[in-house]
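J.: can you look at this prediction? I've put the sequence above it.
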Amino acid sequence: MSLETFTAPRGRSKQRTNFEMLSWLFMRVSGVVLVFLVIGHLVIMNILDGGVQRINFGFVAGRWASPFWQIWDLLQLWLAIIHGTNGLRTIIADYAPSAPGRQVRFWLHTVLIVSACFVLFAGTLVIFTFDPTIG
Amino acid sequence: MASGTLYRGREGMWSWVAHRITGVAVYLFLLVHVLDTALVRVDANLYDAVIASYKTPIVNLLEVGLVAAVLYHALNGIRVILVDFWSKGPRYQRLMLWVVMVIWFVLMVPGAFFMLRHTVEKMFGA
């Protein structure tokens, strides 16, 4: 019997896209990007140049006049919502029973997905259709 | 003295508990925050009125709590990544948690100072 008999496993798990592995990887990749985006956002909004006291409609209009901040906020919105929604999905999976007849997990997932989609839609729409002249 | 397990009740478990709690708290705030910012598309005065609540002393204090939660989640997240991808990560996971807490504290002191300065000056005069 040659060694090859033992060293060539049938790659069943390799042929399937592993959703949980991609989810695990996404949390780490998006997490690294979010560290820079979110900490930058918090420092600018809460600490620099008077912090939150200086924020008003005109301040937002001034920032979103620049594509740089539009792209920053858009990327931050999508990564943070997907990262957070996936995190809550994991927590729901840990604590909400999935036994037959128990619908808790189903309803928690429904509330989670509906809220996340609604907030992503609203946030994206606002960044793309912002009108500084309504002030 | 019963030493228990390597994980349960020790640094690894509590850092994980704190990661979950801060994650959920930040996520719930995020949902509210996107919606309050969306008011810039509705009415400038309405947006300014809602943002005014962010400038009150109590909400200002909550903002420090938010920054504290985000900062812990970010630093501990980097620690988790190092445990997963750095060959020596698992061996140094406990030391890295202490590093996380020291960096968190060192950044939070000036952060809280600058965030609360206006509120403190307004309340107690300066």
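T.: On my side now, so go ahead. The structure displayed is predicted, hence computed values, not measured ones.
J.: please make it C-alpha for all contacts and neighbour counts, starting now.
T.: Fine.
J.: what's the neighbour count on B:Tyr27?
T.: Neighbours of B:Tyr27 under the rule other C-alpha atoms under 10 Å in any protein chain shown: 20.
J.: contact partners for it?
T.: Residues counted as contacts of B:Tyr27 (C-alpha atoms under 8 Å, 6 or more residues apart in numbering or on different chains) are A:Ile81, A:Gly84, A:Thr85.
J.: let's see 7 Å
T.: By C-alpha atoms under 7 Å, 6 or more residues apart in numbering or on different chains, B:Tyr27 lies in contact with A:Gly84.
J.: contact residues of chain B facing chain A?
T.: Selection of chain B residues close to chain A by C-alpha under 7 Å from any C-alpha of the partner chain yields B:27, B:31, B:34-35, B:38, B:40-41, B:43-44, B:47-48, B:51, B:55, B:74, B:81, B:111, B:114-115.
J.: please flag which of those residues sit within helices.
T.: B:27, B:31, B:34-35, B:38, B:44, B:47-48, B:51, B:74, B:81, B:111, B:114-115 (DSSP state H).
J.: could I get those as CSV with pLDDT and distance to A:Ala116?
T.: CSV is the format used below for those (pLDDT from 0 to 100; distance: C-alpha to C-alpha, whole Å):
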residue, pLDDT, distance to A:Ala116
B:Tyr27, 98, 10
B:Leu31, 97, 8
B:Val34, 97, 11
B:Leu35, 96, 11
B:Ala38, 96, 15
B:Ala44, 94, 25
B:Tyr47, 95, 22
B:Asp48, 95, 25
B:Ile51, 95, 22
B:Ala74, 98, 21
B:Ile81, 97, 25
B:Gly111, 95, 30
B:Phe114, 94, 32
B:Met115, 94, 29
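J.: tell me which two of those sit farthest apart.
T.: Farthest-apart pair in those is B:Ala44 and B:Ile81; separation 41.6 Å (C-alpha to C-alpha).
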